[in-house]
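# Sequence and predicted structure, then a few things I'm wondering about:
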Amino acid sequence: MKSRKIPLRKCVACGEMMPKKSLIRVVRSPEGEVSIDLTGKKSGRGAYLCGQESCFKLAHKNRALDRALKATVGPEVYEQLARDFLAVEETFLAERDKEEVDDE
């Protein structure tokens with residue numbers, strides 16, 4: 001039986017290639033709104049970050065989200081993303097651990 005290909009994406013902060021499901025997607029909607037997309041299905045331009053706070057801080061410092069989303073991400077958006085990121089980090093990590101157990 002042929003094994004399924006696992007889609008890989010690159011973290012915009014650290015540059016590490018990881019499975020898509022183990023990354024958090026930040027999306028710029030067609031209206032220009034920037035938000036976190038846990039489902040990975042929102043329409044718009046996406047950028048991926050590791051589920052680590054250090055990668056989020058590095059992306060903020062290097063303005064990596066600005067380049068990846070091809071739009072200026074203002075400081076208020078980074079503050080909102082920081083709050084959202086910390087809020088969803090535990091949920092994201094729990095779901096990722098659950099999926100890893102299911103895969104085994």
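Right, received. Where do you want to start?
# In stretch 63-82, which residues are buried?
Within stretch 63-82, the residues scored as buried using 16 or more other Cβ atoms under 10 Å are 64-66, 68-69, 73, 77-78, 81. Backbone N, C-alpha and C define where each C-beta goes, glycine included.
# ok, so of these, who is nearest residue 5?
residue 68 (23.3 Å; Cβ to Cβ).
# how about the nearest residue to the closest one, chain neighbours excluded?
Using Cβ to Cβ, 6 or more residues apart in numbering and skipping the chain neighbours, the partner closest in space to residue 68 is residue 47 (3.5 Å).
# my hunch is that that neighbour is in a helix, does that hold up?
No. Checked against DSSP: H, G, I helix; E, B strand; the rest coil, residue 47 lies outside a helix; its state is strand.
# any chance you could map the strands in the protein?
8-10, 17-19, 23-28, 34-37, 45-50 (DSSP state E).
# And the longest helix along the chain, how far out from the chain middle?
Secondary structure of the chain per DSSP state H: the longest helix is helix 75-103. How far helix 75-103 lies from its chain's middle: 8 Å, per Cα atoms, centre = their mean, to the nearest Å.
# that older thread, nearest to residue 28 among the buried residues of stretch 63-82?
For the buried residues of stretch 63-82, the nearest to residue 28 is residue 69 (4.3 Å; Cβ to Cβ).
# Report the contact partners of that closest one.
Residue 69 makes contact with 26, 28, 34, 45-47, according to Cβ atoms under 8 Å, 6 or more residues apart in numbering.
# per-residue confidence for it?
In this model, residue 69 is scored at 92, pLDDT.
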